Every structure is written in C-alpha cells, then in structure tokens.
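[1] My questions are about this predicted structure, shown below with the sequence.
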Amino acid sequence: MTRDLVVDVRNVHYGVGSRKIFDGVDITVERGSITAVMGPSGTGKTTLLRLITGQVAPASGTVQVFGDDVAAMRQRALFALRRRMGMLFQNGALLTDLNVFENVAFPVREHTRLPEPLLRRLVLMKLHAVGLRGAALLMPQELSGGMARRVALARAIVMDPEILIYDEPFVGLDPISMGVVCRLIRQLNDALGITSIVVSHDVQEVSSIADRSYLLAGGKVIAAGSSEELRATPEPAVRQFMEGNADGPVPFHYPAGDYRAQLLGSEDLT
Amino acid sequence: MNGAFAASLARFGSVALFLLRVLRACGPALARPRLIAHQVYNCGARSLIIIMLCGLFVGMVLGLQGYDLLARFGSESALGVAATLGLLKELGPVVTALLFAGRAGTALTSEIGLMRATDQLTAMQMMAVDPMRRVIAPRFIGGLIAMPLLAAVFNVIGIFGAQLVGVTLLGVDQGTFWSQMQNAVELSDVNEGIVKSLAFGVICSLLAVYEGYNAVPTAEGVGLATTRTVVASSVMTLVIDYMLTAAFLKA
C-alpha cells in the first residue's frame, strides 16, 4: 500500500456514437487532497464526473472508487456509494419547489429518520458554514447565482460525504463570489477531511487551491502534477491552455472544409 | 407510412415499459402518504374550479337538449334519468379526463420536464434518491386518485345544472325529475363511470409523467412534450372510452 487512492481511473476509453471522448485516460485521486481536472470546453470533463459517479459506464478500462469497480455496480450498490459522495452541479440544481432550508434538509429527510430538532440544528450548521444561515427561508428563485451554488454546497456536505465533486464551481460568478467559493472548497477539504475533485477551466482559481492537477485535451491526459509543475511544462498544448492563447495546438477553427473552395464554389455546407 | 407505424409502435412499447417502472416504484411511494396527498392537492384541488364550472354548463346544456329531444316524444319527465345517465356513464368521466389532461397533465409534464432540464432529477440520483420513487410515482398515484374524485364532483354539479334548466327554467316537475332518476339509475351505472374514470386516470397521469420524464431538456423540448401530453391523453381517452363502453354493454 503506497498511496491511499480514493478514485482510480485506469486506461478509460469512452465515446458517444462515433465521437471519441476518452482515448486511454488515467487519473488517480488521493485521500484528503484537492484534485483538479482542467481542460478546454468539450474535452469531456463533465463526462469524467459521470464516469466516476456511475452515471455512464466506460467502453473499456476501469473506474474504481473506494476500491470497487463503479461500472459493475447495480443500482443498490451505486446508491450506497453515492451516499458517500457529494456533488455540486454547475447551476446548483436546487429543487425549485423547496426553500433553502428544505433543500439542504432533503438528503437527510430521504435517508434518515433524524428527529426534527436535531435536523434543524444540523441544517443550520451547514448553512452557517457556507454563510447563508440568514437565507434559510428564501426560495431558490430568490437567490443569486453565487448564493445558489453555496446552498447547493451546503446540501452536498449535509450527509458528511467522503468525496466532494465540483462541476465547474466558478462559472458565471463575480470575483467576490468566486473568492468565497474558492475559500470554501479549501476550508471544507481541510476541516472535514474530505477528498475533493474540482472540474474547471478557470486556471487561476483552480491553481490556487489544487494539490494536483490534470490537464485533459483530445481525449488524453496531456499533463499532470502540481500547479507549478504544470506552469513550467514546456509542451505547447499545455502552455496554450495555461496562458490562454487563442491559437496553438488546439486550433482556433473547428474542423471545416477548404475555405477558398467553400467561398468560391457552390459546395453545400456539409 | 411504414415508418410512422413503427415509430408509434415503439412509443407504445416505451410507454408500457415506463408503466412497469412506475408500478415498481409505487410500493415505496405508497409508504409516504404525505407526498401523495400533496400531489392529490396539486392535480385535484387546483383543478376543482374549472371542473365545477364546466360541469355546471355541461349539465345545463344536457337539460336544454334533453328536454328538446324528450319533448318530441312527450316524455319530458324522463329528463332527470337521461341527464344523469349521460353524465354518470359518459360525459362525467370523459370531459373530466379531457379537462384533467389540459389542466393537470400539462402542469405535471412541464414541471417534470423542467426538473430534468435544470438537472434536478440528476441531482436527486446523485443524492442516492430515486426520482422514480420520489417524483414520478407520487404524481402518478396522485393523478390516479384525483381523477375519479373530480369526475364525481363534475357529475354532481352537472346533475344540479340539468335540474336548474329542466325544472326551474323549463318546468319539468321537481318530483318526477328526482323520483324517475332514483328508480332508473342502477348502482352498476355508477360503477361503470368509476371504472372509466379510473382507467382515464391511469392513462392521463401516466402519459403526463412519461412525457415530462422523457422530455428533451430544452425550452422547446418541454413545450413539445406538453403538447404531446394533451394530444395523446385526449385521443387515448376517447379510444378507451369506446372500448370500455362496448365491453360494458356486452357484459
């Protein structure tokens, strides 16, 4: 036993129809760490999360969480596994017919028979941790984007998960909310001993909190290591992403036919 | 033509498979009566006003038309029987089902479709909560319970409407109106209406949750799904009504 691996993705291939998304991806996540998965939009970052949480199965290769193969699980085992995970969705995915308090209480009510006074304290504590105890009675429609994401975070940690998964936690947030979410991810990770997986393309924010980062492009991991190591990588594809250049190994143009022929000829747009 | 037939056959099969999944989720859902009660309120109580209003007017029209028809044979006194049988066996269950599809069915479809579009269903699955049990089954059962109750309300108001026109306006004798009804209407007539509205309840609720659950998660997709709910529910209601009527007459 060298390292304590919580998630172990090995040589995973996955595609939708004829489109290949993963072509041999290896990713490992150590217990207690914050692991970032970065990459341009459309490289399958969210798909990776769906593989880890067992929403889809890989075409080949294995995805192990806590040492068990996720793809081989039936619904009961999968649900048991998911009770040990929390997930923060891009848009929060709060239940719109319940207020903030009930949203956070939802997993607890579904899975336990906690007495009401205890439940009330638990929910208030989690809401306090994300700074929204005062918003307990608001409805999801009344929240700003940043607040909704913090409520969703409180909901994700209410069952005290061992793994917390963040899907694009910084998208569409103002700088203050971004800083708040950033600090929360670090704090929760350290204070609760959670293992965190952050999927994002916000290089700055992610680099500041991640212990280890993976860079995905073209269905493969093109770089892995600490933020400093990633920034020091001479490889052009990595440099392009870390520095945000418009053109480079990842082309500016979506694959298309010959420009000249298409403009001058009468070819169809196929 | 062949393709369209195959497509509708495939859809029929997919609805049937969905029904099996819903039924399997119904057991655990029944253990949570508060969720179901909430849905009975949503589908039933909130449709009450429109059901009562339509019931009143359908009953009044029955009073007018029934009187006109029966007067030609000099048997206006049978107006109470005619209106009641028409309401109990046909108009009550059918019109209620059509209104239910438009009022409650569309609401169910768009609600579930939007839950899918905003990742709420996926979020539930990630919290190890099965949306079939937590969202779909309670709504299905709620609709199933609400439908016969709404049809009963529709019938009562409808009979009152027929009486209003027939007795108060057109001068049919109050005593004969009610006593003829009491003599001629059998319990089996009432049961036929209940069986029908239960069947319509299954169809309308099932199609509403099916379309919502399988809606394409975009604004356009949810809109299309809502339209399909109304169209499919209405057509299926009328088709099944014919089949049930034929079966009851033969029995």
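    Arrived safely. Predicted, not measured: the structure shown is a model, and the values here were computed from it.

[2] can we go C-alpha only for contacts and neighbour counts from here?
    Fine.

[3] contacting residues for B:A101?
    By Cα atoms under 8 Å, 6 or more residues apart in numbering or on different chains, the contact list for B:A101 reads B:C204, B:A208, B:T229, B:V230, B:S233, B:S234.

[4] right, and out of these, which lies closest to chain A?
    Closest approach to chain A among those (Cα to the nearest Cα): B:A208, at 18.6 Å.

[5] Look at A:L164 and say how many residues are nearby.
    23 (other Cα atoms under 10 Å in any protein chain shown).

[6] List the neighbouring strands of the one helix or strand it maps to plus their orientation.
    Applying DSSP states H and E as the criterion places A:L164 in strand A:163-167. Paired strands of strand A:163-167, with direction, are strand A:85-88 (parallel), strand A:195-200 (parallel) (DSSP bridges).

[7] So is stretch A:68-77 next to chain B?
    No - residues of stretch A:68-77 are not located near chain B by Cα under 8 Å from any Cα of the partner chain, the shortest gap being 9.0 Å.

[8] Could you check how far the closest residue to B:A232 other than its chain neighbours is from B:I194?
    Distances taken as Cα to Cα, 6 or more residues apart in numbering or on different chains put B:L207 closest to B:A232, at 7.4 Å, once the chain neighbours are dropped. Computed as Cα to Cα, to the nearest Å, the B:L207 to B:I194 distance reads 20 Å.

[9] And the pLDDT at residue 43?
    Here I'm looking at chain A. A:T43 is assigned a predicted lDDT (pLDDT) of 80.

[10] other chain: chain B
    91.

[11] wait, doesn't the residue nearest to B:A232 sit right on B:V235?
    No - if you go by Cα atoms under 8 Å, B:L207 and B:V235 don't touch, sitting 11.5 Å apart.

[12] quick revisit: who has more neighbours out of B:L207 and B:I194?
    Neighbour totals were compared for B:L207 and B:I194, and B:L207 leads with 28 against 21 (other Cα under 10 Å).

[13] packing partners for the helix or strand the more buried one falls within?
    Assigning secondary structure by DSSP H and E places B:L207 in helix B:187-213. The contact analysis (3 or more Cα pairs under 8 Å, 6 or more residues apart in numbering or on different chains; DSSP states H and E) places helix B:187-213 against helix B:2-30, helix B:92-100, helix B:106-117, helix B:137-163, helix B:219-250.

[14] 7 Å instead?
    Helix B:187-213 sits against helix B:92-100, helix B:106-117, helix B:137-163, helix B:219-250, with contacts defined as 3 or more Cα pairs under 7 Å, 6 or more residues apart in numbering or on different chains; DSSP states H and E.

[15] Report how many residues lie close to the residue nearest to A:V7 when sequence neighbours are not counted.
    The shortest distance from A:V7 to any residue other than its chain neighbours is 4.6 Å, reached at A:V65 (Cα to Cα, 6+ apart). Neighbour count for A:V65, taken as other Cα under 10 Å: 20.

[16] Roughly how far does A:V65 sit from chain B?
    In this view, A:V65 and chain B are 15 Å apart by Cα to the nearest Cα, to the nearest Å.

[17] And the next helix or strand past the helix or strand bottoming out on mean pLDDT in chain A?
    None of the helices or strands of chain A scores lower by mean pLDDT, DSSP states H and E than helix A:236-243, at a mean of 79. Per DSSP H and E, the first helix or strand lying C-terminal to helix A:236-243 is helix A:259-264.

[18] Any chance you could give me that following helix in CSV, C-alpha atoms only?
    Extracted in CSV, the C-alpha atoms of helix A:259-264 (Å, rounded to 0.1, in the frame of the first residue of the first chain):
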residue,chain,number,x,y,z
TYR,A,259,-12.1,27.9,-47.0
ARG,A,260,-11.4,29.0,-50.6
ALA,A,261,-13.3,26.2,-52.2
GLN,A,262,-16.3,26.8,-49.9
LEU,A,263,-16.4,30.6,-50.6
LEU,A,264,-15.9,30.4,-54.4
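
[19] How far off centre is it?
    On the basis of Cα atoms, centre = their mean, to the nearest Å, helix A:259-264 sits 41 Å off its chain's mean C-alpha point.

[20] and that helix, what other elements does it pack with?
    Identification of packing neighbours for helix A:259-264 by 3+ Cα pairs under 7 Å, 6+ apart yields no helix or strand.

[21] Okay, buried residues for that helix please.
    Going by neighbour count (16 or more other Cα atoms under 10 Å in any protein chain shown), nothing in helix A:259-264 comes out as buried.

[22] Please apply the same query to stretch B:68-77.
    B:E76, B:S77.

[23] List of residues touching it?
    Residues outside stretch B:68-77 that contact it (Cα atoms under 7 Å, 6 or more residues apart in numbering or on different chains) are B:Y67, B:V172, B:T176, B:F177.

[24] pretty sure the second one is in a strand, no?
    What it means is B:V172. No - counting by DSSP: H, G, I helix; E, B strand; the rest coil, one finds B:V172 to be coil, located in no strand.

[25] Helix, strand, or coil at the residue lying closest to it once chain neighbours are set aside?
    Nearest residue to B:V172, sequence neighbours excluded (Cα to Cα, 6+ apart): B:G166, at 5.7 Å. On the three-state scheme (three-state DSSP), B:G166 is labelled helix.

[26] Surely B:G166 touches B:G63?
    Yes - using Cα atoms under 7 Å, B:G166 is in contact with B:G63, at 5.2 Å.

[27] about what we covered before: may I see the buried residues of the least confident helix or strand of chain A?
    A:A237, A:V238, A:R239, A:F241, A:M242.

[28] Need the residues that contact it.
    Contacts of helix A:236-243 with the rest of the structure, by Cα under 7 Å, 6+ apart, involve A:V203, A:A223, A:R231, A:T233, A:G248, A:P249, A:V250.

[29] Who are the contact partners of the residue nearest to the spatial centre of chain B?
    Compute the mean C-alpha point of chain B, and by Cα atoms, centre = their mean the closest residue is B:A97, 2.5 Å away. Taking Cα under 7 Å, 6+ apart, we find B:A97 in contact with B:F200.

[30] And the pLDDT for it?
    At B:A97, the pLDDT recorded in the model is 97.

[31] Next: B:Q125.
    With respect to pLDDT, B:Q125 scores 91.

[32] tell me which element it is part of?
    For B:Q125, the element it lies in under DSSP H and E is helix B:120-126.
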